[in-house]
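Visitor: Dropping the sequence and predicted coords here.
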Amino acid sequence: MLIVSQVVPGSPAEGKLEPGDILVRLDGELITEFVPLAAVLDSKVGQKVSVEVQRRGVTHEHDIDVQDLHAITPDEYMQFGDAVVHTLSYQQARHYNRAPRGIYVANPGYVLGVPAISRGSLILEV
């Protein structure tokens, strides 16, 4: 049995899935293990999947877009004034429980350290 443990804010599943939902079917097929789930999602990148879940005894069905994790994972960074920053990754967004938007401070260096912007800060606007 697969149970939703977290829904990333701003993701295609937000407002459709909730923590505690029990995954029953994916595109009409029973899904009870992670490997078959991952295989279906990998084959549907850029498309929609039909997800059937049980929530407090009630069946819910939703069509959800499958995002390409490579497209929302940073593959470059910027270094300036001894600081290192990059866009917030999906994995870090899960950790912070927020939408994957913003600039992550990997190393504040001199330029961000002087105004006390610490490692792990998130810059949302300038």
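Guide: That came through, no problem.
Visitor: Which parts of this protein are strands?
Guide: With DSSP state E as the definition, the chain shows strands at residue ranges 2-3, 22-26, 29-30, 48-55, 58-65, 78-80, 83-87, 103-107, 122-123.
Visitor: Can you find the helix or strand of this protein with the lowest average pLDDT?
Guide: None of the helices or strands of the chain scores lower by mean pLDDT, DSSP states H and E than helix 90-96, at a mean of 86.
Visitor: which secondary structure elements does it contact?
Guide: On a contact count with 3 or more C-beta pairs under 8 Å, 6 or more residues apart in numbering; DSSP states H and E, helix 90-96 meets no helix or strand. Just so you know, the C-beta spots here come from the backbone N, C-alpha and C atoms, and that holds for glycine as well.
Visitor: one step back: want to throw the strands of the chain into CSV with mean pLDDT, distance to Ala38 and mean neighbour count?
Guide: Listed next are the strands of the chain as CSV, based on pLDDT from 0 to 100; distance: least, C-beta to C-beta, whole Å; neighbours: other C-beta atoms under 10 Å:
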stretch, mean pLDDT, distance to Ala38, mean neighbour count
strand 2-3, 96, 11, 14
strand 22-26, 96, 11, 18
strand 29-30, 94, 14, 10
strand 48-55, 97, 12, 17
strand 58-65, 97, 15, 13
strand 78-80, 94, 32, 11
strand 83-87, 94, 24, 18
strand 103-107, 94, 26, 18
strand 122-123, 92, 28, 14
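Visitor: neighbours of the nearest residue to Val66 once chain neighbours are set aside, just the number please.
Guide: Closest residue to Val66 apart from its sequence neighbours, by C-beta to C-beta, 6 or more residues apart in numbering: Lys44 at 4.6 Å. Neighbours of Lys44 under the rule other C-beta atoms under 10 Å: 15.
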